[in-house]
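> With the input below, show me the fold.
(one chain, ligands or ions: 1)
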Amino acid sequence: MTTIESVLNETRVFQPSSDFSQRANIPDIKTYQVLCKEAEQDYLGFWAKQARNHIIWHQPFTSILDNHEPPFYKWFSDGVLNVSYNCLDRHLSTQADKVAIIFESDSGEVTKTTYEELHRQVCQFANALKNQNITKGDRVIIYMPMRTEAVVAMQACARIGAIHSVVFGGFSAKSLHERIVDAGAVAIITADEQVRGSKHNPLKDTVDQALNMGDTDSVKHVIVYRRTGAAVSFNSDRDVWWHEIVQQQSVDCEPEWVSSEHPLFTLYTSGSTGKPKGVQHSSGGYLLGAKLSMQWIFDYHSSDIFWCTADVGWITGHSYVAYGPLAMGATQVIFEGIPTYPTPGRFWEIIQKHRVTTFYTAPTAIRSLIKLGADLPARYDLSSLRLLGSVGEPINPEAWMWFYEKVGQSRCPIVDTWWQTETGSHMIAPIPGAFPLKPGSCTMPLPGIVAAIVDEAGHDVEQGKGGFLVIKKPFPSQLRTLWGDPDRFRNTYFPKDIGNGQYYLAGDSAYRDKDGYFWIMGRIDDVLNVSGHRLGTMEIESALVAHPSVAEAAVVGKPHAIKGEAVVAFVVLKGAYPTGDTVTEMINLLRDWVAKEIGPIAKPEEIRFGENLPKTRSGKIMRRLLRTLARGEEITQDISTLENPAVLEQLKKNAG
Ligand code: PRX
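Predicted coordinates for the structure are as follows:
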């Protein structure tokens, strides 16, 4: 309710400047409406035209959408292409010398890589992969620092038709192991260490641990990039150095031409139940989404210096670092480090130094940047900026205003982009030269995206009413399935009871205002959004229960000033209910345990102990009640069905 209320009170509207609109790819609402109308009148014709205009096809497609087996839709399926060719080779005749990547390391060294050089590096590495017998359809785990080489690894997989699965460098050995096994990976590409904010994270060591956890016989090769030169253990049957295997490799590598539907990658993301889901994306449809949104939402111009701060371990780092900008032929910044090192002005310094025009980041980063120094941006020359972007969670109007005024100097539109790992590219976002902006709203769907808000029966809700956010028609960049689990794919995203299994259910609730603007209210399932990252409550609960001292655990979210949401865990121990010093000891032990099981991002902010958890008589944990407790609010819910009301007192006062 509080979200809806705050949204209703937000009446500020910001128009794009005429300077911005005049040179924008979509300069006004009318042009946007024409595109929408085109899509409405001839949906398939519209998408076919985009796919022909934006992608270089090795063999053109004749089939636009194959919907014989919904929801397993296929787009442009008899078309043949290579994604890496579309990101690199296509630029060689026109802009081989243009810088593709401006890389800045943690300690500040800058390396610039042109399209020609990037092409060479990708080809050499692709040849090296082939030399290790890695071929089309093989799964390759990438567990790398945020560096040019991570992009080279992804592009090289795409070039040979291998399916990459990037695992965020902050995930633990256990999480990495789970993904290796689920993917049946044949190879892992990693580094000796990752360096962020001068801290070293031993990636190779974590890979070794994961490979010692069993069921990993599929892995034949571990390719190690030497980042720091730290000593690492080497298994000569399996491990090779990146720099050694690329030596002697040809700088040409004929791309593997694949069907548009060939999986480009899988990326694991949290769901409300069970293990993480391997979201599987296609080649043609995915690339089209990434490229079109660069053009429409980031209003790409060839003079832009684009900077998306997301790590390649997340979907944002796939679509708007590894693929979209390169498909467009853009120059982009890749930064290895963190915003606070060595000074709190690091981000602003990077924008100033590299003359960044387009800066895309997350609300959690914006809030921590405010905390680091709300007035800091004023000390830097940020005049190169022309467009700002936000992603990952609803941006609160205060953070929006600060971003707009202090960073964009009231000159730069902000594109608040709503999308998901599963949608592959932006779905609802402002067209910056055309849309008046409202702080906190992601505005309206992209042309060709039929987003709507429906009730439990799948009927459109009245304007102003909250409901489930759905996308009514299939679209090219959507996930194709969940790796190895088509039933889970169908049941999660196309449930029978909502719109008869026809609609893509995003898992978010939303509402539309009188102007048709969308406002995202939050998740409808048990998924938390911590610092813009999705964490399933079940995953954290399973991790806690895996500890020998824990009998039962329930996890909920509570609002957090920087992270958006923080993890609060309610725990029942097997032994005695802890008192005195043992409380803090146990809390620290369990927090570290979760960090080890999943990764530091999942560490509970707070742990509270009880002799039991509040349950209904049928034994269901009353999560709503736990949310109230976590927020420190008074309980106003009906607790008459509660089996053990006394436990509430324990869980209330026992804040860790
Ligand atoms: O709840 C929505 C929120 O993030 C979820 C998707 O998370 P993930 O797959 O990790 O992808 C994040 C980066 C695309 C959504 O279901 N979300 C993402 N962007 C926004 C958002 N919520 C509100 N506004 C946004 N702009």
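> Tell me what the closest residue to Q463 other than its chain neighbours is bridged to.
Distances taken as CB to CB, 6 or more residues apart in numbering put R512 closest to Q463, at 5.7 Å, once the chain neighbours are dropped. To be clear about C-beta, it is placed using only N, CA and C from the backbone, and glycine gets the same treatment. Note on R512: beta-bridge partners by DSSP bridges are F518.
> Mind checking if the host helix or strand of G507 is in reach of the ligand?
Using DSSP states H and E, G507 falls within strand 504-512. Yes. Contact of strand 504-512 with the ligand (CB under 6 Å from any ligand atom) involves 506-508.
> so which of those is the most crowded?
Greatest neighbour count in the residues of strand 504-512 next to the ligand, by other CB atoms under 10 Å, goes to A506: 23 neighbours.
> residue contacts, that residue?
Residues near A506 by CB atoms under 8 Å, 6 or more residues apart in numbering: 420, 422-423, 468-471.
> ok so, going back, nearest to the ligand, out of the residues of strand 504-512 next to the ligand: which one, please.
Lowest distance from the ligand to these (CB to the nearest ligand atom) belongs to D508, with 4.6 Å.
> and the gap between that closest one and V527?
10 Å (CB to CB, to the nearest Å).
> Please apply the same query to S63.
According to CB to CB, S63 stands 35 Å off from V527.
> Of those two, which one has the most company?
The neighbour comparison of S63 against V527 (other CB under 10 Å) goes to V527, with 22 against 14.
> Near C253, how many other residues are there?
Around C253 sit 22 other residues, with neighbours defined as other CB under 10 Å.
> Spell out which parts of the stretch 401-550 of the chain neighbour the ligand.
Contact residues, the stretch 401-550 of the chain versus the ligand (CB under 6 Å from any ligand atom): 416-421, 442, 506-508, 520, 523, 529, 534.
> Low-confidence regions, this protein specifically.
For the chain, applying pLDDT under 70 flags the ranges 1-9, 654-656.
> how about the residues of it that lie near the ligand?
Within the chain, the positions adjacent to the ligand are 269, 315-316, 391-394, 416-421, 442, 506-508, 520, 523, 529, 534 by CB under 6 Å from any ligand atom.
> mind running it again at 5 Å?
Proximity of the chain to the ligand (CB under 5 Å from any ligand atom) is limited to residues 316, 391-394, 416, 418-421, 442, 508, 520, 534.
> Just to be sure, which of those residues are found in helices?
If you go by DSSP state H, those have T316 in helices.
> And for the residue in the stretch 151-300 of the chain that the ligand sits nearest to, the neighbour number?
Nearest residue of the stretch 151-300 of the chain to the ligand: T269, at 5.3 Å (CB to the nearest ligand atom). Counted by other CB under 10 Å, the residues lying close to T269 total 21.
> Surely it and T423 touch.
No. Between T269 and T423 there is no contact, the gap being 11.5 Å when judged by CB atoms under 8 Å.
> show me the residues around V251 that make contact.
120, 123-124.
> Ok, F171 next?
By CB under 8 Å, 6+ apart, the contact set of F171 is 179, 313, 598-599.
> from those, which would you call buried?
Buried subset of the contacts of F171 (neighbour count, 16 or more other CB atoms under 10 Å): 179, 313, 598-599.
> circling back to that earlier point, inside strands: which ones of the residues of the stretch 401-550 of the chain next to the ligand?
416-417, 506-508, 520, 523, 529, 534 (DSSP state E).
> the helices in the stretch 551-656 of the chain, which residues?
581-597, 623-630, 647-653 (DSSP state H, counting those that start in this stretch).
> would you list the ones you listed in JSON lines and tack on mean neighbour count?
As requested, these are exported to JSON lines (neighbours: other CB atoms under 10 Å):
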{"stretch": "helix 581-597", "mean neighbour count": "17"}
{"stretch": "helix 623-630", "mean neighbour count": "19"}
{"stretch": "helix 647-653", "mean neighbour count": "15"}
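> got those helices as JSON lines, with distance to I188 columns?
Shown next, in JSON lines, are the helices of the stretch 551-656 of the chain (distance: least, CB to CB, whole Å):
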{"stretch": "helix 581-597", "distance to I188": "20"}
{"stretch": "helix 623-630", "distance to I188": "37"}
{"stretch": "helix 647-653", "distance to I188": "42"}
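> Look at the nearest residue to P397 once chain neighbours are set aside and give its secondary structure.
Leaving out its chain neighbours, the residue that sits closest to P397 by CB to CB, 6+ apart is P439, at 4.1 Å. Under DSSP: H, G, I helix; E, B strand; the rest coil, the three-state class of P439 is coil.
> Surely P439 and P394 touch.
No. At 10.6 Å, P439 does not count as touching P394 under the criterion of CB under 8 Å.
> Looking at these two, which is more packed in?
Of the pair P439 and P394, P394 is the one with more neighbours under other CB under 10 Å, namely 25 against 20.
> Setting the sequence-adjacent residues aside, check what's closest to L648.
Nearest non-adjacent residue to L648, counting by CB to CB, 6+ apart: P614, 6.1 Å away.
> Now do the contacts for that neighbour.
Per CB under 8 Å, 6+ apart, neighbours of P614: 621-622, 625-626, 639, 642-645, 647-648, 651.
> Touching, D311 and R147? I think so.
No. Here D311 lies out of contact with R147, judged by CB under 8 Å, at a distance of 10.7 Å.
> Quick check: beta-bridge partners of the residue in the stretch 551-656 of the chain that the ligand sits nearest to?
Here the stretch 551-656 of the chain gets closest to the ligand at one residue, G564, 9.3 Å apart by CB to the nearest ligand atom. G564 forms beta bridges with V530, H560, as assigned by DSSP bridges.
> my guess is it meets T364, correct?
Yes. Between G564 and T364 there is a contact at 5.6 Å, judged by CB under 8 Å.
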